[in-house]
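>>> All I have is the shape, not the residue letters:
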């Protein structure tokens, strides 16, 4: 029996070989494709929970005063929403789900370097998630500190902070192991002939992200352990009544958490770099500049954490340094946008749903990025810090950037993952509903913040009511759009037409094998002696026939 001819839905390697039990085939699988889908299903389940919690908070904020939940419950809901969205969905989202599925395919490899370590990463992720869920039902409930766990309140509150911190610590381990696996895979398992500057740009995004996972995540892990020790042993690291310094935790937290912003966005930028040339039918403009800019963003991202702390008592010189470095991050980011727009210039753009999501993201992320430069300015940030302006900026950058491009990736690689096509008409309509709902939800918060509405507040003054009403109605439209989008994708998975190997006429290696991919991906390991994204007269220059062949002498 030739295993490489079988779809991974029919048979897959596990740590036991080829196990017959269908459940064990999944939870013990060492096939990167199945592991990616397990990540995806768990992440989407928690994403749904986080959205529901956010809708409850927005409903409470529809009018001033207490309506449905009390202030303590609101603080717990606020923390739960942040922890799920950051630690369980956005940080691991694109690398663990789409990255796990696509990295070996785009490199011409049969799996990641360490398949069993990949499975261990998923187990750690699930264990951390279950620990976070368990803390909801123990003692005084989930932590009420906000997802940043700032001291000294995180040291003194009676809620289950230790459980939430332990969950985040375990999730960090899963992230580190994934980063190590990806770096090793990129260095060791690229197809013969594929140098670093012949890799797909999505791989470049994953590569830069992996180094952030490896180098920055241990810092937040140490910080979380120190808070746990502070609560359990009363050491006095952050508690000012015992000689500790709560600002130290802010520094240690943001040394990780600002690079984590780029950990989230760099793979998303990689998705945009895949979609734009495919639907413009043109070679990507400035391939080398886009690739190098990913590394530059990752590098500079380590040096800008202090812009979160302008109001914490930093010296004036340090404020100016952090502000200048933050402005500098806009340079490599601007290079990417320039190159994408240059690729679109005079192109016959095919506005299929993935391209709609990408162009929509250009709008929302540019708003998020430019408002980020506003709060990077010291004098302005002193006024806007801890207002709803920052809330709007954050969600335009992360939700309107990372998550929107994640949705673009879902639609772009949906035919490759499932072997089916979704209904294009319904998918594009879902995009417009979500896009309108998103802007209704978050743009009024810019105005509320400029007029002084503080963030993280359970209640507010009557003059801010109009902004909250519009935002809450936008949240309903946004949620309906999400339901519409996922229903369309589910229907496509169950009943859609067969996609074929390359429905988008794309150029990278994953589109040269059957959809869904066979076990171990490639019947023959390809030899890559050309640049990606090469089109001539709207058609890919290079084609492979990699479905089922004998092993290549280049292997």
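It's in. Everything numeric in this text was worked out from a predicted model, so none of it was measured.
>>> contacting residues for residue 406?
When contacts are counted by C-beta atoms under 8 Å, 6 or more residues apart in numbering, residue 406 touches 93-94, 98, 268, 271. (Glycine included, C-beta is placed from N, CA and C.)
>>> 7 Å - rerun?
Listed by C-beta atoms under 7 Å, 6 or more residues apart in numbering, the contact set of residue 406 reads 93-94, 268.
>>> For the helix or strand harbouring it, what is the distance to the chain centroid?
Using DSSP states H and E, residue 406 maps to helix 404-418. Distance of helix 404-418 from its chain centroid, counting by C-alpha atoms, centre = their mean, to the nearest Å, is 13 Å.
>>> what do you get for stretch 512-519?
25 Å.
>>> Numbering from 47 from now on, please.
In the new count, where the first residue is 47, that last one comes out as stretch 558-565.
>>> Over to that stretch now: how far is its first residue from its last?
With C-alpha to C-alpha, to the nearest Å as the measure, the ends of stretch 558-565 fall 15 Å from one another.
>>> Pull out the buried members of the contacts of residue 452.
Buried residues within these, defined by neighbour count using 16 or more other C-beta atoms under 10 Å: 139-140, 314.
>>> I'd like the next helix or strand past the helix ranked longest in the chain.
The residue-count maximum for a helix in the chain (DSSP state H) belongs to helix 292-326. Next helix or strand after helix 292-326 toward the C-terminus (DSSP H and E): helix 333-347.
>>> buried sites along that following helix?
333, 336-337, 339-340, 342-347.
>>> ok, now stretch 82-100?
82-86, 88-89, 92-97, 99-100.
>>> what comes into contact with it?
Residues outside stretch 82-100 that contact it (C-beta under 7 Å, 6+ apart): 72, 123, 126-127, 130-131, 134-135, 138-139, 142-143, 146-147, 168, 171-172, 175, 525, 528.
>>> now do stretch 369-380
339, 342-343, 346-347, 349-350, 353, 415, 419, 422-424.
>>> how near is the closest residue to residue 214 other than its chain neighbours to residue 489?
Leaving out its chain neighbours, the residue that sits closest to residue 214 by C-beta to C-beta, 6 or more residues apart in numbering is residue 133, at 5.3 Å. According to C-beta to C-beta, to the nearest Å, residue 133 and residue 489 sit 27 Å apart.
>>> Which of those two has more residues huddled nearby?
residue 133 (27 against 17; other C-beta atoms under 10 Å).
>>> Mind listing what's buried along the helix or strand harbouring residue 69?
Using DSSP H and E, residue 69 maps to helix 68-73. Within helix 68-73, the residues that count as buried by 16+ other C-beta under 10 Å are 71-73.
>>> For the nearest residue to residue 575 once chain neighbours are set aside, which residues are in contact?
Of all residues not flanking residue 575 in the chain, residue 239 sits nearest, at 4.6 Å (C-beta to C-beta, 6+ apart). Residue 239 makes contacts with 573-575, as judged by C-beta under 7 Å, 6+ apart.
>>> quick one on the thing from earlier: what about the helix holding residue 69, average pLDDT?
On average, the pLDDT along helix 68-73 is 85.
>>> Grab the nearest non-local neighbour of residue 184.
Distance criterion C-beta to C-beta, 6+ apart; nearest residue to residue 184, sequence neighbours excluded, is residue 206 at 5.8 Å.
>>> Counting neighbours, what do you get for residue 544?
By other C-beta under 10 Å, 11 other residues sit near residue 544.
>>> Return the helix or strand in this protein with minimum mean pLDDT.
Within the chain, confidence by mean pLDDT, DSSP states H and E is lowest for strand 585-586 among all helices and strands, at a mean of 80.
>>> partners of it in the sheet?
Strand 585-586 sits in its sheet next to strand 581-582 (antiparallel), going by DSSP bridges.
>>> which residues touch the partner strand?
Here strand 581-582 makes contact (C-beta under 7 Å, 6+ apart) with 327-329, 587.
>>> Please check the residues you listed and keep the buried ones.
Among the contacts of strand 581-582, those classed as buried by 16+ other C-beta under 10 Å are 327-329.
>>> Find the residue closest to the residue nearest the centre of the chain in space, skipping its chain neighbours.
Central residue of the chain (C-alpha atoms, centre = their mean): residue 136, 3.7 Å from the mean position. Nearest residue to residue 136, sequence neighbours excluded (C-beta to C-beta, 6+ apart): residue 310, at 5.2 Å.
>>> per-residue pLDDT, the one you found?
The score at residue 310 is 87. That number is its pLDDT.
>>> which residues in the stretch 347-496 of the chain form helices?
Ranges of helices within the stretch 347-496 of the chain are 362-390, 399-422, 424-430, 434-443, 450-464, 470-496, based on DSSP state H, counting those that start in this stretch.
>>> should've said the stretch 47-196 of the chain
68-73, 78-106, 117-129, 137-138, 146-153, 161-180.
>>> how far out from the middle of the chain is the last one?
In other words, helix 161-180. Using C-alpha atoms, centre = their mean, the offset of helix 161-180 from its chain centre is 17 Å.
>>> where in this structure is pLDDT low?
47-58, 62-65, 588-601 (pLDDT under 70).
>>> List the buried residues in stretch 112-119.
Buried residues in stretch 112-119 (16+ other C-beta under 10 Å): 115, 119.
>>> okay, how far is it across that stretch, tip to tip?
Using C-alpha to C-alpha, the end-to-end distance of stretch 112-119 comes out at 11 Å.
>>> could you dump the contacts of stretch 369-380 to CSV with distance to residue 517?
Compiled in CSV, these are given as follows (distance: C-beta to C-beta, whole Å):
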residue, distance to residue 517
339, 34
342, 35
343, 30
346, 33
347, 30
349, 34
350, 29
353, 26
415, 21
419, 23
422, 24
423, 25
424, 28
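>>> which of the residues you listed lies closest to residue 518?
Within these, the smallest distance to residue 518 is 25.9 Å, found for residue 415 (C-beta to C-beta).
>>> got the contact list for that closest one?
With C-beta under 7 Å, 6+ apart, residue 415 has these contacts: 376, 379, 443.
>>> Reformat the helices of the stretch 47-196 of the chain into CSV and put distance to residue 429 next to each item.
What follows is the helices of the stretch 47-196 of the chain, written out as CSV (distance: least, C-beta to C-beta, whole Å):
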stretch, distance to residue 429
helix 68-73, 51
helix 78-106, 25
helix 117-129, 23
helix 137-138, 30
helix 146-153, 43
helix 161-180, 35
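>>> Right, I'll leave it there.
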